[in-house]
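Peer 1: what's the 3D shape of this:
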Amino acid sequence: MTAEMRVRIRAGDTEAFGELFDEHADAVHRHAVWSGCDPVQAEDVVSLTFLEAWRIRGSLRADGDSLRPWLLGIAINVLRNRRRAARRHREALRRLPVRDTVPDFADEVVARMHDADQVAAVLAGLRALRRADREVFLLCVWSQLDYAAAAEALGVPVGTVRSRLSRARTRLRVLTQREMARTRMIPVEQGEYR
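Peer 2: Now for the predicted structure:
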C-alpha cells in the first residue's frame, strides 16, 4: 500500500477505501472465523471493522506498508467488544426470572456442520489458550502476518510476539492432542481410531 493510498484513505477517498476493502476483507473475515466466530458473525465483524476504520481513518499513519495489520488490530478490538457485549447480555439474561423455554438446537446444528474432528480439536485448543497467545497465533499463523506486522497490530514489541507465538504453538499442540484423546480420535494402530 503506497503512501499515496494512505493519504487518499485519510482524506476520505471512497474509491481508495473500496480498494482497501476489496484487498483485505477476506483476511479480516478469516481472522474473525479463526477467532471463534461462525461465518455469519464474521461478516458482522468485517462490517464493523471497516466501519470503525472509516470512522478513525484520520488516525492512520501516513507511512508504512500494508494496511492489514491496522485493520486486524481494529478487528481484534471489535471482537473484544462483541465478546464483552455478549457476556453482559448473558449476565442480564441470568438475572431474568426463569420461564419454560424451548431448547436451543443452534449449537448442535453448528457442531454437526463441522465434519473434521481434528479442526474441532484445534478450535477447542485455541479457545483454551490465553487471549494474548491466541491473538498472536491467529495473526502470525492463520492471518500470515510477520512478527513486525503482528507486533504493530497488537501494539507490543516484536520480542513479545515471538515469545507468545512459541508458547501458543507448544500449548496448542498439547491441548489439541488432549482434545483428540478426549473425543477418542487418537490412532490406536495404523488406520484405526478408538
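
Peer 1: Following the chain onward from the lowest-mean-pLDDT helix or strand in the chain, which element is next?
Peer 2: Ranking every helix and strand in the chain by mean pLDDT, DSSP states H and E puts helix 106-113 at the bottom, with a mean of 58. Following helix 106-113 in sequence order, the next helix or strand is helix 117-128 (DSSP states H and E).

Peer 1: Can you give me the neighbour number for the spatially closest residue to A62 that is not a sequence neighbour?
Peer 2: In space, and not counting its chain neighbours, A62 is closest to R6: 5.6 Å by C-beta to C-beta, 6 or more residues apart in numbering. Bear in mind the C-beta positions are built from the backbone N, C-alpha and C, glycine included. R6 has 21 neighbouring residues, counting by other C-beta atoms under 10 Å.

Peer 1: Go ahead and confirm R6 touches G64.
Peer 2: Yes: A contact is recorded between R6 and G64 when judged using C-beta atoms under 8 Å, the distance being 7.0 Å.

Peer 1: For stretch 71-87, C-alpha coordinates in CSV please.
Peer 2: What follows is the C-alpha trace of stretch 71-87 in CSV, where atoms were taken according to Å, rounded to 0.1, in the frame of the first residue of the first chain:
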residue,chain,number,x,y,z
LEU,A,71,-7.3,-3.5,10.0
LEU,A,72,-6.6,-6.7,12.0
GLY,A,73,-5.8,-4.5,15.1
ILE,A,74,-9.2,-2.9,14.6
ALA,A,75,-10.8,-6.3,14.1
ILE,A,76,-9.3,-7.6,17.4
ASN,A,77,-10.9,-4.6,19.2
VAL,A,78,-14.2,-5.3,17.5
LEU,A,79,-14.0,-9.0,18.6
ARG,A,80,-13.2,-8.0,22.2
ASN,A,81,-16.2,-5.6,22.2
ARG,A,82,-18.5,-8.2,20.8
ARG,A,83,-17.4,-10.7,23.5
ARG,A,84,-17.8,-8.2,26.2
ALA,A,85,-21.3,-7.3,25.0
ALA,A,86,-22.3,-10.9,24.7
ARG,A,87,-21.0,-11.6,28.3
